[in-house]
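[1] Sequence first, predicted coordinates after that:
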Amino acid sequence: MRRRLMGRIWCRGAAVRYYLLTEQDMRGRWEYGVMVERAGEREEVPAIAPSRNGVQTLLNRMIRGRVTPAAARDVVEDWLSA
């Protein structure tokens, strides 16, 4: 799995970093996910969707909303159910 830093913001005195995760499944298809890190806390949600643009849009919304690792999975689940 590869990760690419997509953004960084400050929240309550600590940097929050947002990564795009990229991995190839066993059939050779690409899947994209997100990872959010803050002060030793991390939440990874791999293989959300096969659309890089869709997951990048989600990540941009997460950055603007200052989503922390504690809320990242809930935000992804809400995005998937919309």
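    Ah, there it is.
[2] what residue is smack in the middle of this structure?
    Centroid check for the chain by Cα atoms, centre = their mean gives V34 as the closest residue, at 2.2 Å.
[3] Identify each buried residue in stretch 34-54, please.
    Applying a neighbour-count criterion of 16 or more other Cβ atoms under 10 Å, one finds 34-38, 43-45, 48 buried in stretch 34-54. Using the backbone N, CA and C atoms, a C-beta is placed for each residue, glycine as well.
[4] so which pair among these is furthest apart in space?
    With Cβ to Cβ as the measure, no two of the buried residues of stretch 34-54 lie farther apart than R38 and I48, at 19.6 Å.
[5] all helices in the chain, in order from the N-terminus.
    With helices called from DSSP state H, the chain shows them at 52-64, 69-81.
[6] pLDDT (mean, whole number) over the last one?
    When the per-residue pLDDT values of helix 69-81 are averaged, the result is 96.
[7] and it with helix 52-64, angle?
    140 degrees (axes from the mean of the first three to the mean of the last three Cα atoms, to 10 degrees).
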